[in-house]
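Generate a structure from the sequence data that follows.
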Amino acid sequence: MSETIRLEPGDQAPDFTLSDADGASVTLSKVLADTGKSVVLYFYPAAMTPGCTTEACDFRDNLTEFADAGFTVLGVSPDTSDKLAKFRDKESLTFTLVGDPEKDTLRAYGAFGEKKNYGRVVQGVIRSTIIVGTDGKVLKAFYNVKATGHVDRIKRELGV
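Residues are numbered from 1 along each chain as shown. I've put the predicted structure just below:
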């Protein structure tokens, strides 16, 4: 398998501007500046699939705890705004979802590349979460995570 970028704590988080579920532009540096909070940036393969729904609902159900601890949650997938809107509405998601159909942001964060899927090497989204501090630097990076139990692990790691 070829090398995929892996961000490490202390690295500058790549800035991006992507469209949210309503088609509005969301820019990481603006979210950091406007909220004054760190960002839990999680990357998932596809809206409305079982694992991604589990993970999104876990974030939704723990959103208040993250907010109280000084974190904003953003979900990133290669989905279009239309699909993100359906996902948000169907699952009553109360945090921002952004789409990266070109996969440029996914690649910049090391969340797209070669991975094993049922024993085969394929190109795809690598389920990952990057914690970005208010200064725009990576605080923590988690790659190849499982959907189930991941939110609890992040909470433990962040002391939430």
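
can I assume residue 132 is in contact with residue 35?
No - between residue 132 and residue 35 there is no contact under Cβ atoms under 8 Å: 11.4 Å. C-beta here means a position set from N, CA and C on the backbone, and glycine is covered the same way.

which of the two has more neighbours?
A direct count of neighbours by other Cβ atoms under 10 Å for residue 132 and residue 35 places residue 132 higher, at 30 against 14.

Can you pull the phi and psi angles for the more buried one?
phi -110, psi 120 (degrees, to the nearest 10).

and residue 59, that one's in a strand?
No - Residue 59 is assigned helix when assessed by DSSP: H, G, I helix; E, B strand; the rest coil, not a strand.

So for the helix or strand where residue 157 lies, what gets flagged as buried?
Secondary structure from DSSP states H and E places residue 157 in helix 150-158. By neighbour count with 16 or more other Cβ atoms under 10 Å, helix 150-158 contains the buried residues 150, 151, 154, 155, 158.

Redo those as CSV? Include pLDDT.
Below are those laid out as CSV (pLDDT from 0 to 100):
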residue, pLDDT
150, 89
151, 93
154, 94
155, 94
158, 92
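
any idea which of those is closest to residue 65?
residue 155 (6.8 Å; Cβ to Cβ).

now residue 41, what's its secondary structure?
Recorded secondary structure, residue 41: strand (three-state DSSP).
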